[in-house]
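Chemist: What shape does this take:
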Amino acid sequence: MKMKKLGALLLAGVMTMSTLLTGCGNGASGSSAGGNASQTESGSNGERKKITILMRASETSAKYIIMKKLLTDFSEEKGLEPPEFELISGDADYVTKLQLYINSNTLPDIYGCANGALSAAAKDIGGIVNIGDELERVGKKDDMNAAVYDFFKDKDDGNVYLFPEALNCEFFFYRKDIFEKYNLEAPTTWNEFLNTCKTLKDNGEIPLIVAGKENWQLMRYLSFAPWRMTKDQFIMDYIDQKATFSENAAAKEGADLLYTLGTEGYFQGGFLSTDYTAATDLFFGGNGAMWYSGSGQITQASEMYKNGQLGFFAVPDVDGQENMETNVPIHGGFGTAFNAKTYDDTMKEFFEYMCNHYSEGCYNDAQVFSPFNDEIPEGLDQLFYDLQPLFENATDAWVSWDDKLDSATLTNIVDEQQKLAQGKETPEEFEAAADQFIINNSK
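Modeler: Predicted coordinates:
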């Protein structure tokens, strides 16, 4: 029962990341990567035959594109059989399969894993390599973006056990033509943001597109202020029942923001029934003045940006409060783990090979930001070069509530945040309800 609860908790975080950053298609490639290591990876003389990998991905996913080329080229170079991939695109199916491999202690050489319940379970059985130590060994730790590295720090021991799939950053796109029409500038504080929304609405514009059907989208607005003001302190203290929404200034700022955006009509009509795909189509189809997006949508934004129609800005400061310097949510997506029990000399060689060629795969093959601070090659979309200054010196990672809260509390808050955004309850009523959720669900 404990493992089922942990899996449910992780699944919420998995769905958050996959929705925004990696379009999941259907299909699988290769046979099962599970089973005893001696049966699937080594010959009768104990020498390795091939490398096995389990991925939450489809054949069009950036992570698969990168790892497929790296593993194939390395295997050919070392005289190994082609790598054996098992791809599972569905989030729930993937979590179930990974749990099965962990419970049976039959993890493949490499597997996708989020930083949370299942990475802890893999650590408990000695099935995960300390990536931080390995980055030190190959001389690449200082080359990795500090915020991406920070994103994967283990909450218990501070080590890093997962390799990032990419550097993913989030920000607001805005329509420059609409802003210029009303003499508006990109807001730098939330008061400026709300004033901008008011001006736009008063002139008949849709200020802000949101995918309200996706739980994480509304939760972003709820958690922006606590993140800028406390990083992860509020949400971790809330979980430990050391802080409450009702008495925490940062949490109250977040509740007030979501309430105002929803009740003042700054979201598009029918926002609670709009999924991420529909919201994307709305904004890039010419509806709305602002849209919270990320580096995963560079392709969709490319033409409008090239034509001078789009600008971007970071998460605004909370007025009158001390805000941390990092203002762009940065994370490493769904992490990559290495099985410590099969981490032989060949796998160590591959890890170094992967680190030395990963940036090339990110930019030339997958068109995503590399987690390493390597120079971006010429010839890419202009947004790659223009967005980089937002995050190149960032040191603090994004903190997603989705993969921190237990599944019951997450479900409760998701239901309550919809009432808040609709004006069916006040911020004070939301705060009181949220404070009771964590107590009830810890019994």
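
Chemist: Run a quick neighbour tally on residue 96.
Modeler: 14 (other CB atoms under 10 Å). Heads up, the C-betas are built off the backbone N, CA and C, glycines and all.

Chemist: chain center to the helix or strand harbouring it: distance?
Modeler: Assigning secondary structure by DSSP states H and E places residue 96 in helix 91-103. Relative to the centre of its chain, helix 91-103 is centred 19 Å away, using CA atoms, centre = their mean, to the nearest Å.

Chemist: Just the helices from the stretch 51-200 of the chain, written as ranges.
Modeler: Secondary structure of the stretch 51-200 of the chain by DSSP state H, counting those that start in this stretch: the helices cover 62-78, 91-103, 117-124, 131-137, 146-151, 176-181, 190-202.

Chemist: relative orientation of the helix holding residue 96 and helix 117-124 in degrees?
Modeler: Orientation check (axes from the mean of the first three to the mean of the last three CA atoms, to 10 degrees): helix 91-103 against helix 117-124 gives 10 degrees.

Chemist: Dump helix 91-103 to PDB, keeping only the CA atoms.
Modeler: Extracted as PDB, the C-alpha positions of helix 91-103 are listed here (Å, rounded to 0.1, in the frame of the first residue of the first chain):
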ATOM      1  CA  ASP A  91       2.500   8.300 -17.500                       C
ATOM      2  CA  ALA A  92       0.500   5.800 -15.300                       C
ATOM      3  CA  ASP A  93       1.800   2.800 -17.300                       C
ATOM      4  CA  TYR A  94       5.300   4.000 -16.900                       C
ATOM      5  CA  VAL A  95       5.100   4.400 -13.200                       C
ATOM      6  CA  THR A  96       3.500   1.000 -12.900                       C
ATOM      7  CA  LYS A  97       6.300  -0.600 -14.900                       C
ATOM      8  CA  LEU A  98       9.100   1.200 -13.000                       C
ATOM      9  CA  GLN A  99       7.600   0.200  -9.700                       C
ATOM     10  CA  LEU A 100       7.600  -3.400 -10.900                       C
ATOM     11  CA  TYR A 101      11.300  -3.300 -11.800                       C
ATOM     12  CA  ILE A 102      12.100  -1.700  -8.500                       C
ATOM     13  CA  ASN A 103      10.100  -4.200  -6.500                       C
END
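
Chemist: which of the residues in that helix are buried?
Modeler: Residues of helix 91-103 classed as buried: 91, 94-95, 97-99, 101-102 (neighbour count, 16 or more other CB atoms under 10 Å).

Chemist: ok, of the residues you listed, which one's closest to residue 209?
Modeler: Of all the buried residues of helix 91-103, residue 209 sits closest to residue 91, with 24.2 Å by CB to CB.

Chemist: Settle this for me: the closest one is touching residue 56, isn't it.
Modeler: Yes. The criterion here is CB atoms under 8 Å, and residue 91 meets it with residue 56 at 6.9 Å.

Chemist: circling back to that earlier point, closest one of the buried residues of helix 91-103 to residue 285?
Modeler: residue 91 (27.4 Å).

Chemist: one step back: how about a markdown table for the buried residues of helix 91-103, with distance to residue 232 and pLDDT added?
Modeler: Listed next are those as a markdown table, based on distance: CB to CB, whole Å; pLDDT from 0 to 100:
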| residue | distance to residue 232 | pLDDT |
| --- | --- | --- |
| 91 | 23 | 82 |
| 94 | 25 | 93 |
| 95 | 23 | 90 |
| 97 | 29 | 95 |
| 98 | 25 | 95 |
| 99 | 26 | 94 |
| 101 | 29 | 96 |
| 102 | 25 | 96 |
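
Chemist: could those residues go into JSON lines alongside distance to residue 208?
Modeler: JSON lines is the format used below for the buried residues of helix 91-103 (distance: CB to CB, whole Å):
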{"residue": "91", "distance to residue 208": "27"}
{"residue": "94", "distance to residue 208": "32"}
{"residue": "95", "distance to residue 208": "32"}
{"residue": "97", "distance to residue 208": "38"}
{"residue": "98", "distance to residue 208": "36"}
{"residue": "99", "distance to residue 208": "38"}
{"residue": "101", "distance to residue 208": "42"}
{"residue": "102", "distance to residue 208": "41"}
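
Chemist: which one among these gets closest to residue 327?
Modeler: Distances from residue 327 to the buried residues of helix 91-103, taken by CB to CB, are shortest for residue 91, at 29.0 Å.

Chemist: one step back: which one of the helices of the stretch 51-200 of the chain lies closest to residue 350?
Modeler: Minimum separation from residue 350 across the helices of the stretch 51-200 of the chain (CB to CB) falls at helix 62-78, 5.3 Å.

Chemist: for that closest one, which positions count as buried?
Modeler: Buried-residue list, helix 62-78, by 16+ other CB under 10 Å: 62-71, 74-75.

Chemist: Distance of the nearest residue to residue 419 once chain neighbours are set aside relative to residue 368?
Modeler: Excluding the flanking residues, the one nearest residue 419 by CB to CB, 6 or more residues apart in numbering is residue 425, at 4.8 Å. Computed as CB to CB, to the nearest Å, the residue 425 to residue 368 distance reads 40 Å.

Chemist: more crowded one of those two?
Modeler: With neighbours defined as other CB under 10 Å, residue 425 and residue 368 compare such that residue 368 has more, 24 against 17.

Chemist: Quick check, the more buried one in contact with residue 62.
Modeler: Yes. Under the criterion of CB under 8 Å, residue 368 lies in contact with residue 62, with a separation of 4.8 Å.

Chemist: Now do the shared contacts for these two.
Modeler: Residues touching both residue 368 and residue 62 (CB atoms under 8 Å, 6 or more residues apart in numbering) are 166, 362.

Chemist: now for the helices of the stretch 51-200 of the chain, which one comes closest to residue 390?
Modeler: The nearest among the helices of the stretch 51-200 of the chain, by CB to CB, is helix 146-151 at 10.8 Å.

Chemist: And the contacts of the closest one?
Modeler: 115, 132, 141, 160, 164, 167, 326, 330-332, 371, 391, 394-398.

Chemist: pull the longest strand from this structure.
Modeler: strand 168-175 (DSSP state E).

Chemist: starting at the chain centroid, how far to it?
Modeler: The chain centre lies 14 Å from the centre of strand 168-175; the measure is CA atoms, centre = their mean.

Chemist: what residues does that strand touch?
Modeler: Strand 168-175 has contacts (CB under 8 Å, 6+ apart) with 17, 20-21, 186, 220, 283, 288-297, 301, 309-315, 328-333, 368-369, 387, 390-391, 398.

Chemist: What of stretch 363-375?
Modeler: Contacts for stretch 363-375 (CB under 8 Å, 6+ apart): 62-63, 65-66, 69, 140, 143-145, 148-149, 163-164, 166-169, 295-296, 298-299, 332, 355, 358-359, 362, 376-377, 380-381, 384, 387-388, 392.

Chemist: Of those residues, which belong to strands?
Modeler: Residues of the contacts of stretch 363-375 located in strands (DSSP E): 168-169.
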